[in-house]
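**Q** can you look at this prediction? I've put the sequence above it.
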Amino acid sequence: GVPEVPVRPIAERRVSRQIMVGPVAVGGGAPVSVQSMTTTRTSDIGATLQQIAELTASGCQIVRVACPTQDDADALATIARKSQIPVIADIHFQPKYVFAAIEAGCAAVRVNPGNIKQFDDKVKEIARAAKDHGTPIRIGVNAGSLDRRLLQKYGRATPEALVESALWEASLFEEHGFRDIKISVKHNDPVVMVAAYQQLAEQCDYPLHLGVTEAGPAFQGTIKSAVAFGALLSRGIGDTIRVSLSAPPAEEVKVGIQILESLNLRQRRLEIVSCPSCGRAQVDVYKLADEVTAGLEGMEVPLRVAVMGCVVNGPGEAREADLGVASGNGKGQIFVKGEVVKTVPESKIVETLIEEAMKIAEQMEQDGVAS
Ligand code: SF4
């Protein structure tokens, strides 16, 4: 299960209405959820389900699949039924796939009604079908596919243009009494994106799906997303997040979870407090931190482990953590809850830390600290 939200999140959450994406509540004070999108051909049911299983294992809570062809639409029912997490069908332009996705039991559909307004009464029919099936809709405005009318009005995809587009799209559903909606206004520039979401947050009470679109390869995309989501979530804005990386989708999930943990919007799990090292270091801190991280990977309890290179700040930080090591003179002082429990030769530091961590984790699990 998803760990409970700890006592002090970064900010009070913006008040938004709540929608249900399958069993996952979005908005209305529900924990911020992490989502991603498959990269397989959706029509390749086996490969898609395999990737969804990997995403589920990495902590993904909602998954989106693209649906550009009839073969993809035909695959939706099986995928929606067999997926462990709610599936959102991502549809552009073709209303017939929207109906197919709703019929297939998808947990939600991403579609921009502005795209399909040209098909006379289709928006009304979609609103009715979605309402009948209890299927929420995400309106996903993207800088790259902004309505031509708004591009002309604003000259480019400004925050105002993105927000006007989103609210106009929402109004097309509202006309038919449909409000089971969440909205995204994505842009590849975090500064524009943050401004857009801030304005949108003030002008409606729909839950918001945060994303920096085309954020880039893993390193750049991680930074852009972390900075933008951090700016918004620190003001309480954002109900579900998707990190877009030119990298395997499980990486997106890892980054998303880490962002939420950093902001105390989710219970932190393993946290390595390691020093950057400096001229005083008496041990290879990078190597030690990497080895400890690798050794403790997969640990689900909230454990702070300090890895410090010398005795200047070492003992202090190591004492503050659940567990820690301060190195010096070829030895490591091992601290547990502020007490030196043993001093071991450098070669034994990693295994001793892992051993002690396992003991603490076991104790925490018995005490019911873990999720
Ligand atoms: Fe330098 Fe020691 Fe601080 Fe690490 S703990 S940065 S080695 S002074």
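**A** Happy to help now that I have it. Numbers count the residues shown, from 1 in each chain.
**Q** S83 and Q50 touch, don't they?
**A** No: using C-beta atoms under 8 Å, S83 is not in contact with Q50; the gap is 11.0 Å. C-beta here means a position set from N, CA and C on the backbone, and glycine is covered the same way.
**Q** and the residue with the largest distance to the centre of the chain, how far from the ligand?
**A** Largest separation from the mean C-alpha position in the chain: N329, at 42.6 Å (C-alpha atoms, centre = their mean). Remark: distance between N329 and the ligand (C-beta to the nearest ligand atom, to the nearest Å) = 13 Å.
**Q** I figured that residue was touching C310, is that so?
**A** No: if you go by C-beta under 8 Å, N329 and C310 don't touch, sitting 9.8 Å apart.
**Q** okay, and the common contacts of those two?
**A** The contact sets of N329 and C310 overlap at Q282 (C-beta atoms under 8 Å, 6 or more residues apart in numbering).
**Q** one step back: name the element the closest residue to the residue farthest from the centre of the chain other than its chain neighbours belongs to?
**A** Among residues not flanking N329 along the chain, Q282 sits closest, at 6.5 Å (C-beta to C-beta, 6 or more residues apart in numbering). Under DSSP states H and E, no helix or strand contains Q282.
**Q** before we move on, what about V325?
**A** Per DSSP H and E: strand 323-328 holds V325.
**Q** so what does that strand touch, helix or strand wise?
**A** For strand 323-328, the contact count by 3 or more C-beta pairs under 8 Å, 6 or more residues apart in numbering; DSSP states H and E identifies helix 285-296, strand 304-308, helix 314-320, strand 331-336, helix 349-367 as packing neighbours.
**Q** buried residues in the shortest one?
**A** Across strand 304-308, burial judged by 16 or more other C-beta atoms under 10 Å covers V305, A306, V307, M308.
**Q** after the helix or strand where Q50 lies, next one along is what?
**A** Using DSSP H and E, Q50 sits in helix 45-57. Next in sequence after helix 45-57, counting helices and strands by DSSP H and E, comes strand 62-66.
**Q** chain center to that following strand, what's the gap?
**A** 13 Å (C-alpha atoms, centre = their mean, to the nearest Å).
**Q** each with direction, which strands does it pair with?
**A** strand 33-37 (parallel), strand 87-90 (parallel) (DSSP bridges).
**Q** that one: what's the following helix or strand?
**A** Criterion used, DSSP H and E; the element after strand 62-66 is helix 70-82.
**Q** between that next one and strand 62-66, how big is the angle?
**A** Taking axes from the mean of the first three to the mean of the last three C-alpha atoms, to 10 degrees, one finds helix 70-82 and strand 62-66 inclined to each other by 160 degrees.
**Q** what's in contact with helix 70-82?
**A** Here helix 70-82 makes contact (C-beta under 8 Å, 6+ apart) with 41-45, 48-49, 52, 65-67, 87, 89, 96-97, 100-101, 103-107.
**Q** ok, stretch 200-208 next?
**A** Here stretch 200-208 has contacts from 14-19, 26-28, 162-163, 166-167, 170, 179, 181-185, 197, 235, 237-240, using C-beta under 8 Å, 6+ apart.
**Q** quick check: PyMOL command selecting the buried ones in these.
**A** To isolate the buried ones among the contacts of stretch 200-208 in PyMOL, judged by 16+ other C-beta under 10 Å, type:
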select buried, resi 14+16+17+19+26+27+162+163+166+167+170+179+181+182+183+184+185+197+235+237+238+239+240
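**Q** setting aside sequence neighbours, what's the nearest residue to A57?
**A** Nearest residue to A57, sequence neighbours excluded (C-beta to C-beta, 6+ apart): A250, at 8.0 Å.
**Q** quick one, phi psi at the one you found?
**A** phi -60, psi -30 (degrees, to the nearest 10).
**Q** surely it meets T56?
**A** No: taking contacts as C-beta under 8 Å, A250 lies outside contact range of T56: 9.8 Å.
**Q** around the ligand, pick out the residues from the stretch 151-300 of the chain.
**A** Applying C-beta under 6 Å from any ligand atom, we find that the stretch 151-300 of the chain lies next to the ligand at C275, P276, S277, C278, R280, A281.
**Q** okay, now the last one: neighbour count?
**A** Spelled out, that is A281. Neighbourhood size, A281 [other C-beta atoms under 10 Å]: 19.
**Q** do you know how far it is from P345?
**A** 17 Å (C-beta to C-beta, to the nearest Å).
**Q** same check, this time on the fifth one
**A** For R280, the distance to P345 under the criterion C-beta to C-beta works out to 20 Å.
**Q** so which residues of the stretch 101-250 of the chain form helices?
**A** Counting by DSSP state H, counting those that start in this stretch, the stretch 101-250 of the chain has helices at residues 113-116, 122-133, 148-154, 159-174, 190-203, 218-233, 249-262.
**Q** what residues are up against Y154?
**A** Taking C-beta under 8 Å, 6+ apart, we find Y154 in contact with E160, A161, E164.
**Q** same deal with I257?
**A** Counted by C-beta under 8 Å, 6+ apart, I257 has contacts V34, G59, R266.
**Q** format those residues as TSV; extra columns: pLDDT and neighbour count.
**A** Shown next, in TSV, are the contacts of I257 (pLDDT from 0 to 100; neighbours: other C-beta atoms under 10 Å):
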residue	pLDDT	neighbour count
V34	98	26
G59	95	18
R266	92	25
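**Q** so which of the contacts of stretch 200-208 belong to strands?
**A** I19, V26, I181, K182, I183, S184, V185, T240 (DSSP state E).
**Q** noted, bye for now.
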